[in-house]
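**Student:** okay, here's the prediction I keep looking at, along with the sequence it came from:
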Amino acid sequence: MTLTATERGTAWLTEAGVRPTRQRVTLAALLMGDGHHRHVTAESLFAAVEHQGEKVSLATVYNTLRAFCDAGLIQEVTVDGSKSYFDTNTHDHPHFFWEEDGKLTDAPAEALEIARLPDAPEGAEIASVDVVIRLRRKSV
């Protein structure tokens, strides 16, 4: 039996213990409805919702993405300290950031090797390491 995008989105939320409200299901269906991982910004997800003719405010998109992060459904990847992308693949993996396009894509994790990290300051521990490799097209 093949699930619809809405059914897949609802199941994704339910399995994580997130209450499947109409707006959350709409966003979840866009994020995971086809079963593929994706990288979105709040603005790009908002535009996709509008394109479908749904009514969800940009503030609701931001709040819902935050709730999805808190539930462990997605992870936030910050680029330049100001631009946030949200990734449905929550496993540790590096990213390529394409500067000209403002696009974030997965980089091959098996090719990344981090040999050593500095010690965390006294009273702190390393929670995670985010690797974003910035790319630009070669000039010819």
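**Tutor:** Thanks, I have it. Numbers count the residues shown, from 1 in each chain.
**Student:** where's the closest residue to residue 107 other than its chain neighbours relative to residue 7, distance?
**Tutor:** In this structure, residue 107 finds its nearest non-sequential neighbour in residue 94, 4.1 Å apart by C-beta to C-beta, 6 or more residues apart in numbering. Glycine gets a C-beta too; all of them are placed from N, C-alpha and C. Between residue 94 and residue 7 the computed distance is 32 Å (C-beta to C-beta, to the nearest Å).
**Student:** ok, back up a step: the residue nearest to residue 107 and residue 115, how far apart?
**Tutor:** 15 Å.
**Student:** who has more neighbours, these two?
**Tutor:** Neighbour count, other C-beta atoms under 10 Å: between residue 94 and residue 115, residue 94 has more, with 16 against 4.
**Student:** got a list of what the more buried one touches?
**Tutor:** 106, 107, 108, 109, 112, 131, 132, 133 (C-beta atoms under 8 Å, 6 or more residues apart in numbering).
**Student:** now with 6 Å, please.
**Tutor:** 107, 112, 131 (C-beta atoms under 6 Å, 6 or more residues apart in numbering).
**Student:** what's the answer for residue 64, then?
**Tutor:** Counted by C-beta under 6 Å, 6+ apart, residue 64 has contacts 24, 27.
**Student:** secondary structure class of it, three-state.
**Tutor:** helix (DSSP: H, G, I helix; E, B strand; the rest coil).
**Student:** the chain: helices as residue ranges?
**Tutor:** Counting by DSSP state H, the chain has helices at residues 5-15, 22-32, 42-51, 58-70.
**Student:** pick the most buried one from those helices.
**Tutor:** Highest mean neighbour count among the helices of the chain (mean count of other C-beta atoms under 10 Å): helix 22-32, with a mean of 21.
**Student:** average pLDDT for it?
**Tutor:** For helix 22-32, mean pLDDT rounds to 94.
**Student:** tell me the angle that helix makes with helix 58-70.
**Tutor:** 70 degrees (axes from the mean of the first three to the mean of the last three C-alpha atoms, to 10 degrees).
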